[in-house]
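1. next come a sequence and a model predicted from it.
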Amino acid sequence: MLKPIENSIKRKLETALRPLYCNIINESHMHNVPKDSETHFKVVIVSERFNKQPLIERHRIINELLQVELQESVHALSIVAKTPEQWEASNKTVTASPACRGGFGK
């Protein structure tokens, strides 16, 4: 079952980008936050909208779509934004996020 912020992120991305694949991963449990937090996310999204768009522009599009969540509740957002061709070439795999180091370079 999706939580409120996770659901909001998924709904906004799916509506705007009509992705072929979209996975919202709540990584909050990997950080020093209260149980069931929604503060750290990884977005894996594949969309034809990203064709001919540089990676920085893909990130800008997603950050703009999620502006409210980023201002109000999301502390960290990792973005994997691929074209369908890139997704196929990657064997549909995504590198796992590193363990939290506690912030401040610890």
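-> Yep, that arrived.
2. quick one: low-confidence ranges for the protein?
-> 1-2, 101-106 (pLDDT under 70).
3. residue ranges of the helices in it, please?
-> Applying DSSP state H to the chain gives helices spanning 4-17, 55-65, 67-72, 84-89.
4. tell me which of those helices sits most buried.
-> Counting by mean count of other Cβ atoms under 10 Å, helix 4-17 has the highest mean neighbour count of the helices of the chain, with a mean of 16. All C-beta atoms are positioned from the backbone trio N, CA, C, and that covers glycine.
5. tell me how far that one lies from the chain's centre.
-> 10 Å (Cα atoms, centre = their mean, to the nearest Å).
6. hmm, who's touching stretch 51-61?
-> Residues outside stretch 51-61 that contact it (Cβ atoms under 8 Å, 6 or more residues apart in numbering): 16, 17, 49, 50, 79, 81, 83, 84.
7. an error on my part: the question was meant for stretch 66-77.
-> 5, 8-9, 12-13, 27, 31, 33, 38-43, 62-63.
8. recalculate using a threshold of 7 Å.
-> 5, 8, 9, 12, 38, 39, 40, 41, 43, 63 (Cβ atoms under 7 Å, 6 or more residues apart in numbering).
9. picking up where we left off before, can you list the helices of the chain in a markdown table and add distance to residue 23?
-> As requested, these are exported to a markdown table (distance: least, Cβ to Cβ, whole Å):
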| stretch | distance to residue 23 |
| --- | --- |
| helix 4-17 | 9 |
| helix 55-65 | 13 |
| helix 67-72 | 16 |
| helix 84-89 | 11 |
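10. to residue 99, which of these lies closest?
-> Nearest of these to residue 99, taken as Cβ to Cβ: helix 4-17 at 21.2 Å.
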